[in-house]
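*Asks:* Just a sequence and a predicted model for now, questions to come.
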Amino acid sequence: MLENRRWILALVAVAALALAGWWFLGRADGSVGSVQIETAATTTGEVRSIVAASGAVRALVTVEVGSQLSGQLAEVLVDFNDEVEEGQVIARLDPQTYETRVREAEASRATALASLALQRATLTRVRANTGTAQLNFDRTETLSERGNASAAALDNARAALDAALADVSVAQAQIANAEAVLRQRDATLEGALIDLERTTIRSPINGIVVDRAVDEGQTVAASLSAPVLFTIAQDLRQVQIDAQVDEADIGQIAEGQPVSFTVDAYPDMQLTGLVDQIRLSPTALNNVVTYTVVVTAANPGQRLLPGMTANMDIVTGERDGVLRVSNSALRFRPSPVLEGRTRPVEAAPAGGPRRGGEGGGRRNPVDRLTEQLDLTPDQAESAGTVFRSAFGRAQGAAQAGGGIDRDALQAEIDRGLQAVLTPEQMQRYRAMAREAANTRSATVWVQEADGMLVERRVRLGISDSQNTEVVAGDLAEGDLAVTRAREVRE
């Protein structure tokens, strides 16, 4: 039995070797199959770059109306969804306690006012006494000079005058004190009146009551913080959406960009808005950093309600009538099965234009600025001087082994052009520079008429889920960009 088992294992090994030999020989003589190449023609059309996000719908202005006072709610005059106007009474606290405080403050003020009147009368009296003492002193002094009054009488008259003058100072001080007490009582009365007025709770804005947190008869305690009684949303014909955008996408977002969105309540209704604000404060949750992007939108028919979730597409770039290539073609790289069917980058014919219409991005920058910014001949000459000077210094630094600092080079060009261009032209130039900074280089493989695959260099702009804009390069409309190559067994 053992001998039979050895024979079986030997036969299996021989069969496996034969099968492997057949497979390798078959591949060597090309009998296993052919290579199927899939392509997508480059076309001219629209490319829309979007960033997907979601956020909660809320009113542009939402005010929480609270109470600064403690007490029992005597009246609640509005309910959910009621429209209110600024200054409208929406609730009242029981005012009895605060009315008592007003009466007490009024009585205190009356007492202070009477005390002030008494002190003023005292001042009038002591001034009269001072006048009498002054006359008595003058008379005694005259008699003393004639020898008809003793020195003691003169001293008594002087002392009486000094005492009367001191009484005047005391009376004036008492009047000042009474006036200060009266001002204090006035302030106390004013505070009591303010508190009494605050028992009447009014709407601070025109809007709609979206939440009512209290009922009539409920006691409000405002000792530590103002309790929220109502939440009022301003005109819901305009709403805002606080969208959370990932840090990887926030660099593409800018104020004024268009936004389209839907809500689950109305999935077939497409709504639009604009990016209004990008808040700088980040939110980190589970090591994921997001930023809040505020989108404002119209609310037709006020069908969007606060708290709804909006699923939105923020349009970060939109191009129409541009050359575009399939995203699959940008990911394609030749595999070994294509050996012998590829050739390197084609060079443009000497003196001839490059494909793609924009000179492959190699045009003289001054010519491009002249065309797009309408430069005058003097401006073009000055701009040329700026570019030559900046590039000359950059090349000198590179030859010295320092390399080219592209940021420093761009900053030097910007400073030079600022003295050449008008403010409007400078603004347009900065927009062009930002657009150029958002482009990138890539390689596309194109299938020629003879079946060979040729490598083409391009610069790419914005991208959507299917296509990418070709800004410049050796690519033209109708070229067959290779998206996939696979071996097909026969």
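*Replies:* Ah, there it is.

*Asks:* now for the longest strand along the chain, which elements pack on it?
*Replies:* When the chain is parsed with DSSP state E, its longest strand is strand 266-285. Based on contacts counted as 3 or more CB pairs under 8 Å, 6 or more residues apart in numbering; DSSP states H and E, the elements that strand 266-285 packs against are strand 238-246, strand 258-263, strand 288-298, strand 309-326. Bear in mind the C-beta positions are built from the backbone N, C-alpha and C, glycine included.

*Asks:* Parallel or antiparallel, list what pairs with it.
*Replies:* Strand 266-285 has the following sheet partners, assigned by DSSP bridges: strand 258-263 (antiparallel), strand 288-298 (antiparallel).

*Asks:* For the residue nearest in space to the middle of the chain, give me its contacts.
*Replies:* Nearest to the geometric centre of the chain sits I278, at 2.1 Å (CA atoms, centre = their mean). Neighbour list for I278: 250, 253-255, 291-294 [criterion: CB atoms under 8 Å, 6 or more residues apart in numbering].

*Asks:* how much space is there between it and A243?
*Replies:* Counting by CB to CB, to the nearest Å, the gap from I278 to A243 is 10 Å.

*Asks:* list residues touching both of these two?
*Replies:* Common neighbours of I278 and A243 (CB under 8 Å, 6+ apart) are 292-294.

*Asks:* Pull out the buried residues from those residues.
*Replies:* The neighbour-count criterion (16 or more other CB atoms under 10 Å) marks 292-294 among those as buried.

*Asks:* D320: which of the residues you listed is nearest?
*Replies:* Here the nearest of the buried ones among the shared contacts of I278 and A243 to D320, counting by CB to CB, is V293; it sits at 24.8 Å.

*Asks:* Please tell me how far the residue nearest to the centre of the chain sits from S54.
*Replies:* Using CB to CB, I278 is found at 16 Å from S54.

*Asks:* what ranges of the stretch 351-490 of the chain fall below the confidence cut-off?
*Replies:* In the predicted model, the stretch 351-490 of the chain carries pLDDT under 70 at residues 351-363, 401-404, 488-490.

*Asks:* what's the domain layout of the chain?
*Replies:* 51-61+235-318, 95-199, 366-438 (the TED database).

*Asks:* Pull the number of nearby residues for A178.
*Replies:* Burial of A178 is recorded as 19 neighbouring residues (other CB atoms under 10 Å).

*Asks:* same check, this time on V366
*Replies:* Neighbour number of V366 under other CB under 10 Å is 19.

*Asks:* that's a strand at it, yeah?
*Replies:* No. Per DSSP: H, G, I helix; E, B strand; the rest coil, V366 lies outside any strand segment and is helix.

*Asks:* So it is in contact with R388, correct?
*Replies:* No. With contact defined as CB atoms under 8 Å, V366 does not reach R388; the gap is 9.2 Å.

*Asks:* Show me what T283 is bridged to.
*Replies:* Applying DSSP bridges to T283, the residues it is bridged with are T290.

*Asks:* thought it was touching T292?
*Replies:* Yes. Contact criterion CB under 8 Å: T283 and T292 qualify, at 7.0 Å.

*Asks:* closest to D414 among the contacts of I278?
*Replies:* Comparing the contacts of I278 against D414 with CB to CB places A254 closest, at 19.4 Å.

*Asks:* Not counting residues beside it along the chain, what's closest to the closest one?
*Replies:* V275 (6.8 Å; CB to CB, 6 or more residues apart in numbering).

*Asks:* Now for the one you found, how many residues are close by?
*Replies:* Residues lying near V275 (other CB under 10 Å) number 22.

*Asks:* for the stretch 51-200 of the chain, what spans make up the helices?
*Replies:* In the stretch 51-200 of the chain, the helices defined using DSSP state H, counting those that start in this stretch lie at 96-146, 151-198.

*Asks:* Could you save those as CSV and add columns showing distance to Q270 and mean pLDDT?
*Replies:* Below are the helices of the stretch 51-200 of the chain laid out as CSV (distance: least, CB to CB, whole Å; pLDDT from 0 to 100):
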stretch, distance to Q270, mean pLDDT
helix 96-146, 54, 91
helix 151-198, 47, 91
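
*Asks:* Tell me which of the ones you listed lies nearest to P300.
*Replies:* helix 151-198 (38.8 Å).

*Asks:* what element comes up after the closest one heading to the C-terminus?
*Replies:* Using DSSP states H and E, the helix or strand that follows helix 151-198 in sequence is strand 200-202.

*Asks:* Quickly run through the sheet partners of that following strand, with directions.
*Replies:* Strand 200-202 pairs in its sheet with strand 89-93 (antiparallel), by DSSP bridges.

*Asks:* For the strand it pairs with, list every residue counted as buried.
*Replies:* By neighbour count with 16+ other CB under 10 Å, strand 89-93 contains the buried residues 90-93.

*Asks:* And for stretch 442-452?
*Replies:* Per 16+ other CB under 10 Å, stretch 442-452 contains these buried residues: 442, 444-447.

*Asks:* same question, stretch 105-115
*Replies:* Neighbour-count burial for stretch 105-115 [16+ other CB under 10 Å]: 105, 108-109, 112, 115.

*Asks:* Identify, from the residues you listed, the entry nearest to G478.
*Replies:* Set against G478, the nearest of the buried residues of stretch 105-115 by CB to CB is A105 (90.4 Å).

*Asks:* nearest to L69, of the buried residues of stretch 105-115?
*Replies:* Distance to L69 across the buried residues of stretch 105-115 (CB to CB) is lowest for A105, with 15.7 Å.
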